[in-house]
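Enquirer: Sequence and predicted model, in that order:
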Amino acid sequence: MAAAAAALRHLATGARLAPRGRAGGPLPPYLQQLQQRRGFRVSAPAAIQVTVRDALNQALDEELERDERVFLLGEEVAQYDGAYKISRGLWKKYGDKRVIDTPISEMGFAGIAVGAAMAGLRPVCEFMTFNFSMQAIDQVINSAAKTCYMSAGSIAVPIVFRGPNGAAAGVAAQHSQCFAAWYGHCPGLKVVSPWSAEDAKGLLKASIRDDNPVVMLENELLYGVPFEMSEQAQSKEFLIPIGKAKVERQGTHVTVVSHSRPVGHCMEAATVLAKEGVECEVINLRSIRPMDIETVEASVVKTNHLVTVEGGWPQFGVGAEICARIMEGPAFNYLDAPAVRVTGADVPMPYAKILEDNCLPQVKDIVFAVKKALNI
Amino acid sequence: MRKMLLAALSRVLQGPAAAGRTGAVSEASRVMVASRNYGDFASEASFEIKKCDLHRLEEGPSTTAVMTREEGLHYYKTMQTIRRMELKSDQLYKQKIIRGFCHLYDGQEACCVGIEAAIKPTDHVITAYRAHGFTFTRGVPVREILAELTGRKGGCAKGKGGSMHMYTKNFYGGNGIVGAQVPLGAGIALACKYFGKNEVCLALYGDGAANQGQIFETYNMAALWKLPCIFICENNRYGMGTSVERAAASTDYYKRGYFIPGLRVDGMDVLCVREAVKFAADYCRAGKGPLVMELQTYRYHGHSMSDPGISYRTREEIQEVRSKSDPITLLKDRMVNNNLASVEELKEIDVAVRKEIEEAAQFATTDPEPPLEELGHHIYFNEPPFEVRGPNQWIKYKSVS
């Protein structure tokens, strides 16, 4: 009875009854029964489908409301509602003081944002894409990341740099670079890379509340993707701790570690492999720095095999770091085979679709890598 | 006690014959006794100062400055302290007790002292790497500055920062990347406007940095958003070894903000600087937006301690500035000639300053280096303790905020 009531309540709220996304975990048993008996496709109680875009928008809205020191600046964030509509409605609600359109001056406005943070504000500085952050990277690293250390803790820089990172679709070489390895390299920064809507909301809120400079690497192609958001995640106090990974799918044969959009590909690959009897444990890193290597180690101890998946280039990448740390730690003795890395191809991103598609990890590449690791 | 002694001495010198006559002075009494009664000094004096060159401004700072005796003595002592502190740093560097970069400020003292005299402690200052003078005027004691230079735990940044990274309340360094401090300064000004507490930010940079693109991006945004930011170019004629004529298509640095009004100021005259900055601060506080100011000044040392400073300029030029435009000498002459202080009194200040610097240097050379355990501290702010990797996977340092 309770289950039926829950399902009806769900219908009443007008939420979309979309097919179960790969984002959620398995349904609780009573809902599985409901699904089987009634032929409904339902989500968990009070959970709703939310796109990554809306999740980010909610996070910004909630944090702007909560703390008047928080403000947003960047190109087109105010009157245009955001180049990717992430900040839709916020300028209308909060006005010129809290949501500021900047000229096309990355180095200048990133420096202004860092200075504002040093003087007690809590800016969220948007880069239209992280490719443009290269113009301002001195301010991110030398002014933001290092100042707490250089001043022996007397000057804090509570700033968030956020924006889309990595490949989009057909935007070619200068607009497709992944900066996870670049920013992840630097002490003094925190670097997060959300995948799901929950990740996006929880990590952005946590980043804004963090007293340290945080680089949040989003992904343009994820903005429009709906994910299930639990009731808990819908709360205004929902935070995801920076520096903790999430096991998205339990498995026993191989550990597959990824971050950002490729996590979705890993989940797909896991479904494909499950049909062949290979159970993948998929780990969503969520944070690049600090990196939760302990979760990866615990998983490798269990599965004895490791595959890393990322969109960035292989040399000096996130996967390389994971492999190095696994080698240095207790999990090395549990590896039955060398770790395998799946990465972006080691070329600047080409434009033609066939070329671009083959420059990024596809589901088939992940399946292949798992089989290589397992020697099957 | 001294008064009585003087009086007695005076009578003795005058001789018995003069005892009854008023106004008459004997030969012997022309020998002046060294000290004077402090009641003899004027309490203040008025000075004509050089008019500033103006850009997009109808009127500029006043050409008359009033300075009280107390102010004068304070400016003198502060400038002298900075001068001696920098010379001591020179000495310590040559003894290899200070390492790495050391950019000295001697010659430019009137700039930081004049600025501090014109603003409030609640205003904000940010500068580049030639920062020791500002670190002092913003409130850090000499011993903590020298101990930071020598890399000791008693340094103002606990030895973690060094010469270019000294900070204190409302002073944001000390910045090593040329020009980067200017957008930071505009950001601090944005915070001033945001919080609405009528504070201003002074963002300083050199003639070399004035050609940085990010400064022009900052001018644009500061003017657009009317940020209470005073951009101050300390033009000491050389960006490292490159003279202004060889670096800039326009050396009118006070005009480089183009749509932002500007002033060019004699940076060797502490009163000129003070009046100009007062004018600028009032302008910004009134919500009129940013201003650009050029302080024409000079550094006696080379760019840094690795630069002897004579390959791109002549010794004669340096000597000429020292003899004709030294800021401390200028102030001293003004005070003595206008009865605000005596030569002897100022000499006493010199002696006291030297002593203070010696003691500070003593501290800076004997204080221990920071403990190795603190190597990993202060990576993050307000963070629970965590571990930081050392040179290999087995060496770990604890990081505490």
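Expert: Here it is on my side, so go on.

Enquirer: List the buried residues of stretch B:165-174.
Expert: B:165-168, B:170-174 (16 or more other CB atoms under 10 Å in any protein chain shown). C-betas here are computed from N, CA, C, even on glycine.

Enquirer: Return the residues in contact with residue 339.
Expert: By default, I'm working from chain A. A:306-308, A:322-323, A:326, A:373 (CB atoms under 8 Å, 6 or more residues apart in numbering or on different chains).

Enquirer: Can you look at chain B instead?
Expert: B:Asn339 neighbours (CB under 8 Å, 6+ apart): B:40-42, B:45.

Enquirer: Also within reach of chain A: list those from those residues.
Expert: By CB under 8 Å from any CB of the partner chain, no member of the contacts of B:Asn339 lies near chain A.

Enquirer: If any of the residues you listed are buried, put those into a ChimeraX selection.
Expert: To isolate the buried members of those in ChimeraX, using 16+ other CB under 10 Å:
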select /B:41,45
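
Enquirer: And the contacts of B:Asn339, which is the shakiest by pLDDT?
Expert: Ranked by pLDDT, the contacts of B:Asn339 bottom out at B:Asp40, which has 84.

Enquirer: now the closest residue to it other than its chain neighbours, what's its secondary structure?
Expert: In space, B:Asp40 comes closest to B:Asn339 once its chain neighbours are excluded; the distance is 7.6 Å by CB to CB, 6 or more residues apart in numbering or on different chains. Look at B:Asn339: counting by DSSP: H, G, I helix; E, B strand; the rest coil, its state is coil.

Enquirer: what does A:Lys85 give?
Expert: Once three-state DSSP is applied, A:Lys85 turns out coil.

Enquirer: so how far is A:Val215 from the closest residue to it other than its chain neighbours?
Expert: Residue nearest to A:Lys85 in three dimensions, not counting chain neighbours: A:Arg53, with 6.3 Å by CB to CB, 6+ apart. Going from A:Arg53 to A:Val215 by CB to CB, to the nearest Å gives 19 Å.

Enquirer: Tell me which stretches of chain B form helices.
Expert: B:2-14, B:69-94, B:109-118, B:132-137, B:142-149, B:181-195, B:213-224, B:244-247, B:270-285, B:315-325, B:327-337, B:343-366 (DSSP state H).

Enquirer: Of those, which shows the lowest average pLDDT?
Expert: Among the helices of chain B, helix B:2-14 scores lowest, at a mean of 55.

Enquirer: how about the residue nearest the centre of chain B, what does it touch?
Expert: In chain B, the centroid-proximal residue (CA atoms, centre = their mean) is B:Cys112; its distance is 2.7 Å. The contact partners of B:Cys112, taken as CB under 8 Å, 6+ apart, are B:82, B:105, B:133-134, B:136-137.

Enquirer: redo that, cut-off 7 Å
Expert: B:133-134, B:137 (CB atoms under 7 Å, 6 or more residues apart in numbering or on different chains).

Enquirer: With B:Asp269 instead?
Expert: Per CB under 7 Å, 6+ apart, neighbours of B:Asp269: B:49-50, B:110, B:330.

Enquirer: Kindly recompute the last result at 6 Å.
Expert: Contacts for B:Asp269 (CB atoms under 6 Å, 6 or more residues apart in numbering or on different chains) come out as none.

Enquirer: Relative to chain A, how far out is it?
Expert: 30 Å (CB to the nearest CB, to the nearest Å).

Enquirer: Could you check how far that residue is from B:Cys111?
Expert: 10 Å.

Enquirer: got it, and A:Ile137?
Expert: Taking CB to CB, one finds A:Ile137 at 31 Å from B:Cys111.

Enquirer: what do you get for A:Trp91?
Expert: Following CB to CB, the distance that separates A:Trp91 from B:Cys111 is 41 Å.

Enquirer: Quick check: of the contacts of B:Cys112, which lies closest to chain A?
Expert: B:Phe134 (14.8 Å; CB to the nearest CB).

Enquirer: can you tell me the residue of the stretch 1-150 of chain B closest to chain A?
Expert: The minimum distance from the stretch 1-150 of chain B to chain A, using CB to the nearest CB, falls at B:His124 (6.7 Å).

Enquirer: which one is B:Lys278 nearest to, not counting chain neighbours?
Expert: B:Ala118 (4.3 Å).

Enquirer: Please identify which of A:Ile137 and B:Cys111 sits among more neighbours.
Expert: B:Cys111 (29 against 19; other CB atoms under 10 Å in any protein chain shown).

Enquirer: In this structure the more buried one contacts B:Leu295, no?
Expert: Yes: taking contacts as CB atoms under 6 Å, B:Cys111 lies within contact range of B:Leu295: 5.1 Å.
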